[in-house]
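J.: Sequence and predicted model, in that order:
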Amino acid sequence: ISRGILSMDEKILELSFEIIGYAGNAKGMAFEAISKAKAGNIDEARALLKESKDEVNKAHKCQTQLIQQEASGNKTDVSVVLIHAQDHLMNTMNYQMLADEIIDIHERLQKLENK
């Protein structure tokens with residue numbers, strides 16, 4: 001294996017772990033946002049969900065680097081870590097969408113209970 005390929009493998013691994021980290025943080029924040037909404041703290045919930053989305057944007061930047069590398073002709077070898085990173089990111093994004101809906105439902109419920 002030449003040093004150039006090894007360096008590319010290291011970069012893919014580094015970006016994969018960054019994606020996993022950002023996505024993990026984002027999912028935790030989205031989960032906490034649901035808890036805040038359930039407790040009636042809608043503004044805090046929305047703020048946490050925004051932070052969660054900011055974390056996902058950081059993961060997207062890493063993902064974009066991988067896509068740009070491949071688009072420029074540097075083939076990306078698929079590794080279990082990269083697959084895990086992509087899976088983690090997509091699951092987090094789906095969880096965020098559900099969290100957004102759950103927060104909306106809690107907000108509506110809270111308004112109905114306060115009538």
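T.: Cool, got the structure.

J.: where's residue 76 relative to residue 62, distance?
T.: Distance of residue 76 to residue 62, computed by C-beta to C-beta, to the nearest Å: 12 Å. C-beta here means a position set from N, CA and C on the backbone, and glycine is covered the same way.

J.: pLDDT-wise, which helix or strand of this protein ranks last?
T.: Counting by mean pLDDT, DSSP states H and E, the chain has its least confident helix or strand at helix 3-38, which shows a mean of 89.

J.: buried ones in the next helix or strand after that one?
T.: Next along the chain after helix 3-38, taking DSSP states H and E as the criterion, comes helix 42-71. Buried residues in helix 42-71, counted by 16 or more other C-beta atoms under 10 Å: 42, 45-46, 48-49, 52-53, 55-56, 58-60, 62-63, 65-66, 69.

J.: Quick check, residue 62 in contact with residue 13.
T.: No. Counting by C-beta atoms under 8 Å, residue 62 stays clear of residue 13, with 11.6 Å between them.

J.: neighbours around residue 21, how many?
T.: Using other C-beta atoms under 10 Å, residue 21 has 16 other residues around it.

J.: whoops, I mixed them up, residue 22
T.: Using other C-beta under 10 Å, residue 22 is surrounded by 24 other residues.

J.: For it, which non-adjacent residue is spatially closest?
T.: Leaving aside its chain neighbours, residue 22 sits nearest to residue 59 (3.8 Å; criterion: C-beta to C-beta, 6 or more residues apart in numbering).

J.: again, but for residue 106
T.: Excluding its sequence neighbours, the residue lying closest to residue 106 (C-beta to C-beta, 6+ apart) is residue 37, at 3.9 Å.
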